[in-house]
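**Student:** here's my sequence, what's the structure:
(chains A, B, C and D)
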Number of protein chains: 2
Amino acid sequence: MEDKKYTNEQTQIARFAKAMGHPARMAILDFLASQENCYFGDIHEELPIAKATVSQHLKELKEAGLIQGEIETPKVKYCINRENWALASKLFTNFFCECRTKKTCCG
Amino acid sequence: MEDKKYTNEQTQIARFAKAMGHPARMAILDFLASQENCYFGDIHEELPIAKATVSQHLKELKEAGLIQGEIETPKVKYCINRENWALASKLFTNFFCECRTKKTCCG
DNA sequence: TATATTGTTCGTAAGTTTGCGAAAAACAAA
DNA sequence: TTTGTTTTTCGCAAACTTACGAACAATATA
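**Tutor:** The predicted structure is shown next:
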């Protein structure tokens, strides 16, 4: 309990998980992952929330590295950041699939 | 944008993700997933935070369904909730592995 | 230059999270 | 009954999140 910190892996997966920790952001990710055209307006139409809020969620996903945006005046095109998506995929897969739940703790 | 809501899957995965969205909680999950003995005290020793805070994080993980606790007076034994762990594993795996990032959007 | 389109940022309100120490609960042991 | 052990709950402060409408920015088009 003195100087202990968290591992880079724990910090990174928590970062991704936090970004995924809201239904609206999951809906955005689902949408982007299934679309070729992914303009802000299209995303906004998919969601039951105000523009400003959508923009905010997109910003968080971008900051977590899961998506990226590109201006295509006058629109903005968003999409999955494939490199980080792959990283996240790997981290989550490892986390869940290390088959560490073999033990008999708690029956 | 009228009455749209989120799918059950989006809501459920967001719930799991939110619980995983803090390094301390990831550390707890990592620890529980690798241990046979998983008493509160052991978990607390692993973490750089106060007892009260650990207890709070454990409560959140429990409410998300990822872990479970069992009183073994005077201690409390925590462990992974294997059923929900499997569900979470499936949801995250599907989410990331649907290979939906094939498109050329954003280069 | 005015007007329209598309998104972002600002300001604000309400609610949630994270963290702590102190107190309480639950029980066993002296 | 007092004391000790282990964990939770309480009360609080500070920070962050979620959401909105209004205002703004950037650029096309009339």
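**Student:** what does chain A have sitting close to DNA strand C?
**Tutor:** A:39-41, A:44, A:51-52, A:54-56, A:58-59, A:69, A:74-76 (C-beta under 7 Å from any atom of the strand). Heads up, the C-betas are built off the backbone N, CA and C, glycines and all.
**Student:** low-confidence ranges in chain A?
**Tutor:** A:1-4, A:98-107 (pLDDT under 70).
**Student:** what subset of the residues of chain A next to DNA strand C is buried?
**Tutor:** Neighbour-count burial (16 or more other C-beta atoms under 10 Å in any protein chain shown) applied to the residues of chain A next to DNA strand C gives A:F40, A:H44, A:V54, A:L58, A:G69, A:V76.
**Student:** burial check on A:H57, number of neighbours?
**Tutor:** 18 (other C-beta atoms under 10 Å in any protein chain shown).
**Student:** right, I mislabeled it, should have said A:S34
**Tutor:** Around A:S34 there are 13 residues (other C-beta under 10 Å).
**Student:** and A:N37, that's in a strand?
**Tutor:** No - under the criterion used here (DSSP: H, G, I helix; E, B strand; the rest coil), A:N37 is coil, not part of a strand.
**Student:** quick check: the farthest pair among the residues of chain A next to DNA strand C?
**Tutor:** Using C-beta to C-beta, the two most remote members of the residues of chain A next to DNA strand C are A:Q56 and A:P74, lying 20.2 Å apart.
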